[in-house]
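Trainee: here is a sequence together with a model predicted from it:
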Amino acid sequence: MQATADSTKMDCVWSNWKSQAIDLLYWRDIKQTGIVFGSFLLLLFSLTQFSVVSVVAYLALAALSATISFRIYKSVLQAVQKTDEGHPFKAYLELEITLSQEQIQKYTDCLQFYVNSTLKELRRLFLVQDLVDSLKFAVLMWLLTYVGALFNGLTLLLMIQAKIPGAKRHAE
C-alpha cells in the first residue's frame, strides 16, 4: 500500500511540475514567463562573458548584497519607529532544512524513476521504435545545433570585439 501511495504522490508532483512547465512554454502568465526566460537568457549571456565559477560568485554576491541591505533597512526602520519586530528573516532562519533518511530515499527513488524513464525514451528514439517520433527527435536535435551555433557565434563575436581597437571593453 505504501508503494502505491508514494507512486501516486510522485505522479501528482510530476503532473504539477509538468503543468507549470507547459504554462511557462505557452506564455500563459507573461510576467512570470518573461522573468524565467529573461533570467535564463541573462545566465547564458553571463556564461559567455565569465567562467561558471565567476557567475556563481556574482550571483551569490548579488543575493548577499540584497539580504544585507534589507536587514540594514529593517534595522534602521525599527530604530526610527522604535519598534521591536526582531530579525526580518527570523521565520526563514527557524525553518527546518535537514533531510531525513526517508526523504532522501524518496527523492533518490524519484530521481531513479526519471533517469530510467529518460533512458528508455532515448533508447526508443535512437533505435527507431517509432519512425515518426525518431524523425521529430532528429529535427529537434538539428534545431538545437543552430541554437548551439548561435551561442558559439556570440562567444566568437565577443572575442573578435575584444580584438578590435575601438571596441575594447571597459576594465572591470
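Mentor: That came through, no problem.

Trainee: pLDDT averaged over the helix or strand harbouring residue 57 - what is it?
Mentor: Secondary structure from DSSP states H and E places residue 57 in helix 52-81. The average pLDDT within helix 52-81 is 90.

Trainee: again with stretch 146-163
Mentor: Here the average pLDDT along stretch 146-163 is 69.

Trainee: how about stretch 109-129?
Mentor: The average pLDDT for stretch 109-129 rounds to 93.

Trainee: strands of this protein, start to end?
Mentor: Read by DSSP state E, the chain holds no strands at all.

Trainee: that one: helices as residue ranges?
Mentor: 2-25, 30-49, 52-81, 90-93, 101-126, 131-163 (DSSP state H).

Trainee: quick check on residue 127: phi, psi?
Mentor: Dihedral angles phi and psi of residue 127 (degrees, to the nearest 10) take the values phi -100, psi 10.

Trainee: what about it, neighbour count?
Mentor: Neighbour count for residue 127, taken as other C-beta atoms under 10 Å: 8. Bear in mind the C-beta positions are built from the backbone N, C-alpha and C, glycine included.

Trainee: tell me the spacing between it and residue 28.
Mentor: Residue 127 sits 36 Å away from residue 28, going by C-beta to C-beta, to the nearest Å.

Trainee: same check on residue 136?
Mentor: Residue 136 sits 24 Å away from residue 28 when distances are taken as C-beta to C-beta.

Trainee: one more: residue 135?
Mentor: To residue 28, residue 135 is 29 Å away according to C-beta to C-beta.

Trainee: same question, residue 118
Mentor: To residue 28, residue 118 is 26 Å away according to C-beta to C-beta.

Trainee: same check, this time on residue 129
Mentor: Distance, residue 129 to residue 28, by C-beta to C-beta: 33 Å.

Trainee: same question, residue 78
Mentor: For residue 78, the distance to residue 28 - C-beta to C-beta - is 40 Å.

Trainee: try residue 15
Mentor: Separation of residue 15 from residue 28 (C-beta to C-beta) stands at 16 Å.

Trainee: residue 77: how many residues sit nearby?
Mentor: 12.

Trainee: got the contact list for it?
Mentor: With contact set as C-beta atoms under 8 Å, 6 or more residues apart in numbering, residue 77 has no partners.

Trainee: please tell me how far the closest residue to residue 23 other than its chain neighbours sits from residue 141.
Mentor: The spatially closest residue to residue 23, leaving aside those adjacent along the chain, is residue 29, at 6.5 Å (C-beta to C-beta, 6 or more residues apart in numbering). When distance is defined by C-beta to C-beta, residue 29 is 30 Å away from residue 141.

Trainee: all set, thanks.
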